[in-house]
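Novice: Here's a sequence, model it:
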Amino acid sequence: MPKQQDSEQKKTIGRVMHEFKEGELQSGTGGKKVRNPKQAIAIALSESGSSREQSPAQRKRSLARTKAKESRGETASAEKEGRAAQERVMRRNSARTRG
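Specialist: Okay, the predicted model is just below:
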């Protein structure tokens, strides 16, 4: 019987499946675009820490890693909107003014 998912896991699964539907989901870091819905579901469950194939420690680590990636703006949807690029420019400019 599958365990209940919390709201953070549901949001992550929703984001990953949205990226798949938009054709932005990639396998691995910078890999090929995912075209198989079953593979997209597997990636979503793994990133959200909901996969039964992972140990409890791996689940916790996966969700923490995904949340860190989302907060840095490194998801496909955030990069499409340009958030990550804006933050890099802001950091670069603040480093120049300090030094």
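Novice: My understanding was that residue 50 contacts residue 13; is that so?
Specialist: Yes - between residue 50 and residue 13 there is a contact under C-beta atoms under 8 Å: 7.0 Å. C-betas here are computed from N, CA, C, even on glycine.
Novice: higher neighbour count, the two?
Specialist: Remark: of residue 50 and residue 13, residue 50 carries more neighbours, 21 against 18, as counted by other C-beta atoms under 10 Å.
Novice: Dihedrals phi and psi, the more buried one?
Specialist: Dihedral pair for residue 50: phi -110, psi 0, per degrees, to the nearest 10.
Novice: pLDDT weak spots in this structure?
Specialist: By pLDDT under 70, the weakly predicted segments of the chain are 1-3, 83-84, 98-99.
Novice: mind listing what residue 70 touches?
Specialist: 12, 15, 78 (C-beta atoms under 8 Å, 6 or more residues apart in numbering).
Novice: so of those residues, which ones are in helices?
Specialist: Assigned to helices by DSSP state H, the following of those qualify: 12, 15, 78.
Novice: any chance of those in TSV, with neighbour count and distance to residue 44 too?
Specialist: TSV is the format used below for the ones in helices among the contacts of residue 70 (neighbours: other C-beta atoms under 10 Å; distance: C-beta to C-beta, whole Å):
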residue	neighbour count	distance to residue 44
12	24	7
15	20	8
78	19	17
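Novice: which one of these sits closest to residue 62?
Specialist: Distance to residue 62 across the ones in helices among the contacts of residue 70 (C-beta to C-beta) is lowest for residue 12, with 9.3 Å.
Novice: Could you find the closest non-adjacent residue to the closest one?
Specialist: In this structure, residue 12 finds its nearest non-sequential neighbour in residue 48, 3.9 Å apart by C-beta to C-beta, 6 or more residues apart in numbering.
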